[in-house]
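In: Got a predicted model here, sequence first, then my questions.
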Amino acid sequence: MEQVAADISANILLSKSIFRMELYAPSIAAKVVPGQFVMVRTSEDGCDPLLRRPFSVHNTTSAGEVHIVYKVLGKGTQLMSRMAAGGTVDLVGPLGKGFALEDTEHFIVGGGMGIAPMQLLTDKIVDRYGKEKVHLLLGARNKDELCAFQGYYSAKVALDVQLATDDGSLAHKGFVTDLLREAGEQYGAGRRMVYCCGPQPMMKAVASLSRKYGWRCQISLETMMACGIAACLGCTVESTRQNSKGGNYLHVCQDGPVFNEEDITW
C-alpha cells in the first residue's frame, strides 16, 4: 500500500454521469491485481468530504496509469467530475484482496458499475490463459449505463460477449443473471469459475446459480468504506466462516473485497 500524489492524465465523460479518471501512479499500477481498489481524497482541503472514496481499479497501463470508472452520485464524485487533466489527487492503494485466477473456464459477470473492475480481470485472464475459455456476461439498467463501458467490451470481440439491459434498450431484455442461467444450461456442471461484481441482489442470484451448476464463484462486494484498512469497522459483513478472533464478521476492505461466495451469509 502506498500514498501518492497522482497526476490526472484525463477525466473523461463516458456516458450520462459516468466518468473514467486516468491517474499516473506507476508505483501503484505495478502492484495492482484484479479486484483490488484504491482510496481517493476528493476534497481540496482534506475536510469536506472528510473521508476518502473507494474505487475498484478498472485498468492499468504499461505507462504506469491507474484507471478508475465512477458514477456521479454525491458530493465526492461531483468534485471528482470537475477535476481536469494536469491536476493531482491524493491516492492510496492498492488495497484489499483481489480475484484468484485459475486455468479453467471463466465466466465474468458484471452488473452496472460492477462492470468497472472486470476489464483488468479479463485482460489478465486472457494474457495468462488465452481467450478460448473466457465468457463476458455484462448487464445494466439501460443502454446509457452499459454504453459507458462500450470501449471495454467492444474491444473484446474475439471473446464470447453477451449483453443485457433491464429495459431492453440494448441487447437482451432482462437481467444479466438470465445470461448466466442460459450458460449454465448450455455448459452444465464442470470445472468452471464465475467472477462477479454488481448490486447485492444480482450477486446473490449469481451465487445461487453457481451452486446450482456446481461452479465455483468469486464475488467482489461493494460496501461503504471509511478507512480502507480495517481500522474503522464500518465495512463488516456477516460470514459463514470465522475470523481470526473467532467471530463471524469479515472486513470487506481487508478480507475482501473479493470473497468466495460460500463465505458470505446471504
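Out: In hand now; what should we look at? Numbering: from 1, shown residues only.
In: Next, count neighbours for residue 119.
Out: 25 (other C-beta atoms under 10 Å). For every residue, glycine as well, the C-beta is placed using N, CA and C.
In: how much space between it and residue 108?
Out: Using C-beta to C-beta, to the nearest Å, we find residue 119 at a distance of 10 Å from residue 108.
In: go on, residue 173?
Out: For residue 173, the distance to residue 108 - C-beta to C-beta - is 21 Å.
In: Compare those two (neighbour count), which wins?
Out: residue 108 (26 against 12).
In: Determine how far whichever strand or helix holds that one lies from the middle of the whole chain.
Out: Using DSSP states H and E, residue 108 sits in strand 105-111. The chain centroid and the centroid of strand 105-111 are separated by 11 Å, computed with C-alpha atoms, centre = their mean, to the nearest Å.
In: Also stretch 208-215?
Out: 21 Å.
In: Okay, helices next: where are they in the chain?
Out: In the chain, the helices defined using DSSP state H lie at 26-29, 75-81, 118-129, 143-147, 150-153, 176-187, 200-213, 252-255.
In: So which bits of the longest strand seen in the chain are buried?
Out: For the chain, the longest strand by residue count, based on DSSP state E, is strand 2-15. Across strand 2-15, burial judged by 16 or more other C-beta atoms under 10 Å covers 4, 6, 7, 8, 9, 11, 14, 15.
In: which residues touch the residue most central in space within the chain?
Out: Centroid-nearest residue in the chain, with C-alpha atoms, centre = their mean: residue 117, separated by 3.1 Å. Contacts were defined as C-beta atoms under 8 Å, 6 or more residues apart in numbering; by that measure residue 117 touches 34, 35, 37, 56, 57, 58, 110, 197, 220.
In: circling back to that earlier point, need the winner for burial among the helices of the chain.
Out: Highest mean neighbour count among those (mean count of other C-beta atoms under 10 Å): helix 252-255, with a mean of 22.
In: Residue ranges in the stretch 151-266 of the chain under the pLDDT threshold?
Out: Low-confidence segments of the stretch 151-266 of the chain (pLDDT under 70): 226, 229, 233, 244-246.
In: Let's see that with 80 instead.
Out: 223-234, 241-247 (pLDDT under 80).
In: Tell me where the stretch 151-266 of the chain has strands.
Out: 160-165, 172-173, 192-197, 216-220, 236-238, 249-251, 258-260 (DSSP state E, counting those that start in this stretch).
In: Now do the fourth one: which elements does it pack against?
Out: Packed against strand 216-220 by the contact rule (3 or more C-beta pairs under 8 Å, 6 or more residues apart in numbering; DSSP states H and E) you find strand 192-197, helix 200-213, strand 258-260.
In: out of the strands of the stretch 151-266 of the chain, which comes closest to residue 123?
Out: strand 192-197 (12.8 Å; C-beta to C-beta).
In: angle of the closest one against helix 118-129?
Out: In terms of direction (axes from the mean of the first three to the mean of the last three C-alpha atoms, to 10 degrees), strand 192-197 departs from helix 118-129 by 150 degrees.
In: Pull the contacting residues for residue 8.
Out: 21, 22, 23, 24, 83, 84, 85, 86, 87, 88, 89 are the contacts of residue 8 under C-beta under 8 Å, 6+ apart.
In: Compile these into TSV and extend it with columns for pLDDT.
Out: Listed next are those as TSV, based on pLDDT from 0 to 100:
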residue	pLDDT
21	98
22	98
23	98
24	98
83	96
84	97
85	97
86	96
87	97
88	96
89	96
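In: Which of those residues ranks first by neighbour count?
Out: Counting by other C-beta under 10 Å, top hit in the contacts of residue 8: residue 23 with 26 neighbours.
In: ok so, going back, convert the C-alpha atoms of the longest strand of the chain to PDB, please.
Out: Taking C-alpha atoms only, strand 2-15 is exported to PDB below (Å, rounded to 0.1, in the frame of the first residue of the first chain):
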ATOM      1  CA  GLU A   2       1.300   3.400  -0.900                       C
ATOM      2  CA  GLN A   3       0.100   7.000  -0.700                       C
ATOM      3  CA  VAL A   4       0.900   9.100  -3.700                       C
ATOM      4  CA  ALA A   5       0.000  12.400  -5.300                       C
ATOM      5  CA  ALA A   6      -1.200  11.000  -8.600                       C
ATOM      6  CA  ASP A   7      -1.200  13.300 -11.700                       C
ATOM      7  CA  ILE A   8      -4.500  13.300 -13.600                       C
ATOM      8  CA  SER A   9      -3.900  12.400 -17.200                       C
ATOM      9  CA  ALA A  10      -7.600  12.500 -18.200                       C
ATOM     10  CA  ASN A  11     -11.100  12.700 -16.700                       C
ATOM     11  CA  ILE A  12     -13.400  11.600 -19.500                       C
ATOM     12  CA  LEU A  13     -17.200  11.600 -19.600                       C
ATOM     13  CA  LEU A  14     -18.200   8.100 -20.900                       C
ATOM     14  CA  SER A  15     -21.900   8.300 -20.600                       C
END
